[in-house]
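[1] Build me a model:
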Amino acid sequence: MALESNRREAVRVMDRVLISFDSIAKDEFQAILEDYERGILPSRREGAYEIEAFIGTQNALQRMREREEDLADFLQHLDTKINMLLSKLQGQPSPMDGLTLIEVSLSGTGISLTLDRSYKLNDIFALNIVLLPNYAYIHCFGRVVGCDEQKGRLEADKSSYRVALEFALIMEDDREKLMQHSFKLQSMFLRNRRQID
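    Prediction:
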């Protein structure tokens, strides 16, 4: 059974996701782990609640769109206007402003992405990941397990780095979301490939 679980977690796909990540100190991460071992869920970092609320709305609108497309489009338009007004009234950037659409390699065990700077092995990051198009939200922590320079990938004469993170702390429900998302993408890829052949 453990072998089957490991196989499911290891399914890796390329995808584009919305993501933000913040470096956290090792002692802060250790405190989060100790709380988790005592049954206290990892605390959400600043801005994560707002992201989760926004993503929850987008997720509900996506499900509604399958039944009532016109109504979902109208509500999406209203939601966007309300968010813009709130952002202006508060005079602060939206937590969604920190999310970037980026291509990643994704599995139930980790994520890798191309960035414009290098990171040290074992650096810890708090990650906010939004899987599209369903807007499934995942808040987790990753540890850098690889950082390889790739010359000339982003701009002429500018280096980029392929940064690999293994999930150091992720809720099992979130890991399951990632695995289901990966399987869905993989089956869609195979179906599309068969249609092309």
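[2] Show me which strand runs longest in this structure.
    strand 136-155 (DSSP state E).
[3] Next, the buried residues of the first helix or strand past it going along the chain.
    From strand 136-155 onward toward the C-terminus, using DSSP states H and E, the following helix or strand is strand 158-169. Of the residues in strand 158-169, S160, Y161, R162, V163, A164, L165, F167, A168, L169 count as buried by neighbour count, 16 or more other Cβ atoms under 10 Å. In short, each C-beta sits where N, CA and C put it, glycine included.
[4] Quick check: of these, which lies closest to M64?
    F167 (31.0 Å; Cβ to Cβ).
[5] how much space between the closest one and S87?
    Look at F167 and S87: by Cβ to Cβ, to the nearest Å, they are 31 Å apart.
[6] Show me the residue at the heart of the protein, geometrically.
    Nearest to the mean C-alpha position of the chain, by Cα atoms, centre = their mean, lies I129 at 1.6 Å.
[7] so that one makes contact with D15?
    No: under the criterion of Cβ atoms under 8 Å, I129 makes no contact with D15, lying 10.2 Å away.
[8] And the closest residue to R12 other than its chain neighbours, its phi and psi?
    Nearest residue to R12, sequence neighbours excluded (Cβ to Cβ, 6 or more residues apart in numbering): S107, at 4.2 Å. As for S107, its main-chain torsions (degrees, to the nearest 10) stand at phi -150, psi -180.
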